[in-house]
Each structure stands twice: as C-alpha cells, then as structure tokens.
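K.L.:
How does the following fold in three dimensions:
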Amino acid sequence: MKHFFVVLALVLIIACPLAMAQETDEAEANRDQVTMWRYIAAAASVGISCIAGGMAVGRIGAAAMGAMSENPELSGKALPYAGLAEGICLWGFLVALLILVI
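P.N.:
The predicted structure is shown next:
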C-alpha cells in the first residue's frame, strides 16, 4: 500500500508544475490540462491494476504450489484462478483505453 502512495506522490510532483503553467490562450491551456490528466489517469489505471494483478498471481501461485505438493491432482484446478487474477491487468488496460478514446 505504501508503494501506491509513493507512486501517487511522484505523479503529483511531476504533474502539479505542469498544471500550474500559465498559457496565453485559456482554451488551449484547458485542453492541454485535460489531455495531461487523461494520460495520467490512463497510466495510473494500467499501473495500479498490473501491480494488483501481480500481487494476486504471486499469492495464488504460492498457494497453488503448496496445495499441489500435498495433492498433485489439484494442478488443473489452480490454473483458472491464476488466469482470473491476471484478468485484473486486462481490465485496467481496458479502462485506460476507454479513458484515452472517450
């Protein structure tokens, strides 16, 4: 959880000076600011979902290996759970794609 706050702080440190830049044309400045926040939101969506998916796959993989060491017949039942955990990354990518397209 603390890694999330570190990444969030870095994003804000980088993005805030850019957001404070004064432009002569207000419409162009607003458009640039909206575009900047769209890219930041898309990056955060993919980044956070991939970190969460990696954490989930790591825990599921460890639990599946422990279960398979006791009962080798469980190997086929553990694979779908790892696939479901990796689906978190896919959903983050789809959300980012929708943020950028819409």
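K.L.:
Would you tell me what the next helix or strand after the longest helix belonging to the chain is?
P.N.:
In the chain, taking DSSP state H as the definition, the longest helix is helix 26-70. With elements assigned by DSSP states H and E, the helix or strand that comes after helix 26-70 is helix 75-101.
K.L.:
Can you check what angle separates that following helix from helix 26-70?
P.N.:
Angle of helix 75-101 versus helix 26-70, following axes from the mean of the first three to the mean of the last three CA atoms, to 10 degrees, is 180 degrees.
K.L.:
For helix 75-101, list every residue counted as buried.
P.N.:
78, 85, 88, 89, 92, 95, 96, 99 (16 or more other CB atoms under 10 Å). (Each C-beta comes from the backbone N, C-alpha and C, glycine too.)
K.L.:
ditto for stretch 59-79
P.N.:
Residues 60, 64, 78 are the ones in stretch 59-79 that count as buried (16+ other CB under 10 Å).
K.L.:
Make a markdown table from the buried residues of helix 75-101 and add pLDDT and distance to residue 31 to it.
P.N.:
Listed next are the buried residues of helix 75-101 as a markdown table, based on pLDDT from 0 to 100; distance: CB to CB, whole Å:
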| residue | pLDDT | distance to residue 31 |
| --- | --- | --- |
| 78 | 80 | 49 |
| 85 | 86 | 38 |
| 88 | 90 | 32 |
| 89 | 90 | 30 |
| 92 | 93 | 26 |
| 95 | 94 | 22 |
| 96 | 94 | 20 |
| 99 | 92 | 16 |
